[in-house]
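Engineer: sequence? don't have it. structure:
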């Protein structure tokens, strides 16, 4: 994935307390979710403040060859329609 695809991808968040996993739509297949629920896992929807912006330095994706003349690659989360991740000249 490039940086924007990674930011756009469905996410989940789990921590020790409270013992519940916040899951976005399509982050888990229905079969996986049912299996985890049968093991006692509890799920909820993520809070609306779930948002991120990311900057990758050197290339648009991890492991890619550096792009000559381009140093920063930004990605903004489309979930809230706020913020901007832009490089020079954009």
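Structural biologist: Yep, it's here. Because the structure is predicted, anything quoted here is derived from the model rather than measured.

Engineer: any idea of the mean pLDDT for the helix or strand hosting residue 73?
Structural biologist: Per DSSP states H and E: residue 73 is located in strand 72-76. Throughout strand 72-76, pLDDT has a mean value of 86.

Engineer: that one pairs with which strands?
Structural biologist: The strands beside strand 72-76 in its sheet (DSSP bridges) come out as strand 53-57 (antiparallel).

Engineer: in this model residue 76 seems to touch residue 55, though I could be wrong.
Structural biologist: No: in this structure residue 55 lies outside contact range of residue 76 using CB atoms under 8 Å: 10.1 Å. The C-beta positions use only the backbone N, C-alpha and C, and glycine is treated the same way.

Engineer: more neighbours: the two, which one.
Structural biologist: Just comparing residue 55 and residue 76: by other CB atoms under 10 Å the higher neighbour count belongs to residue 76, 19 against 12.

Engineer: pretty sure that one sits against residue 3.
Structural biologist: No: Residue 76 is beyond contact range of residue 3, at 10.1 Å (criterion: CB under 8 Å).

Engineer: ok so, going back, off-centre distance for the strand holding residue 73?
Structural biologist: Centre-to-centre, strand 72-76 and its host chain are 13 Å apart (CA atoms, centre = their mean, to the nearest Å).

Engineer: and for stretch 67-80?
Structural biologist: Counting by CA atoms, centre = their mean, stretch 67-80 comes out at 14 Å from the chain centroid.

Engineer: try stretch 12-22
Structural biologist: 16 Å.

Engineer: distance of the residue nearest the centre of the chain from residue 55?
Structural biologist: The centroid of the chain falls nearest to residue 7 when counting by CA atoms, centre = their mean (4.0 Å). Applying CB to CB, to the nearest Å, the value for residue 7 to residue 55 is 10 Å.

Engineer: what do the two both touch?
Structural biologist: By CB atoms under 8 Å, 6 or more residues apart in numbering, residue 7 and residue 55 have these common neighbours: residue 75.

Engineer: no more questions from me, cheers.
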